[in-house]
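> one predicted model, sequence on top.
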Amino acid sequence: QVQLVESGGGLVQPGGSLRLSCTASGGTFSEYVMGWFRQTPGKEREFVGSISRIGDNTYYATSVNGRFTISRDNAQNMSYLQMNNLKPEDSAVYLCAASARGGYYSNSRYNYNFWGQGTQVTVSS
């Protein structure tokens, strides 16, 4: 059983940057593909990106490709989502998730076994 806790959300102006962190506990972190999703009220949970178990491969949604970067530190049981050039439409609750069996390209929420509670990101002037 893996517990995930996100942090680092907040209010940022358009064009700004934020770095989200996901702290994992209770399992062998390196055994999991890590994904990031986001959700806004009334919409489906949206895939943002994912990273392979050893961090050598990443996969991103088209909407964030080139602006967001996912990384991980298996020694510290941490995953990160660096978000640059933020836009108002990036405003959402951001959640990290862990997949036991999926590949690094897992973009479906149903491939992920464990979820954090999320952290709010608001992009507004």
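Yep, that arrived. Residues are numbered from 1 along each chain as shown.

> the residue most central in space within the chain and Ser125, how far apart?
By Cα atoms, centre = their mean, the chain has its centre lying nearest to Trp36, at 2.3 Å. Between Trp36 and Ser125 the distance is 24 Å, computed by Cβ to Cβ, to the nearest Å. For the C-beta atoms, the positions are set from N, CA and C on the backbone; glycine is no exception.

> any idea of the pLDDT on the residue nearest to the centre of the chain?
Per-residue confidence (pLDDT) for Trp36: 98.

> assign a three-state SS to the residue nearest to it when sequence neighbours are not counted, would you?
With sequence-adjacent residues excluded and distances taken as Cβ to Cβ, 6 or more residues apart in numbering, Trp36 is closest to Val48, at 4.2 Å. State at Val48, reduced to three classes by DSSP: H, G, I helix; E, B strand; the rest coil: strand.

> Val48 against Gln39, yeah?
No. Counting by Cβ atoms under 8 Å, Val48 stays clear of Gln39, with 10.3 Å between them.

> neighbour count: those two, which is higher?
Val48 (24 against 15; other Cβ atoms under 10 Å).

> what about the helices in the chain?
Assigned by DSSP state H, the helices in the chain number zero.

> the closest residue to Gln39 other than its chain neighbours: neighbouring residues, count only.
Spatial nearest neighbour of Gln39, excluding adjacent residues (Cβ to Cβ, 6+ apart): Arg45 at 4.7 Å. When neighbours are counted by other Cβ under 10 Å, Arg45 registers 18.
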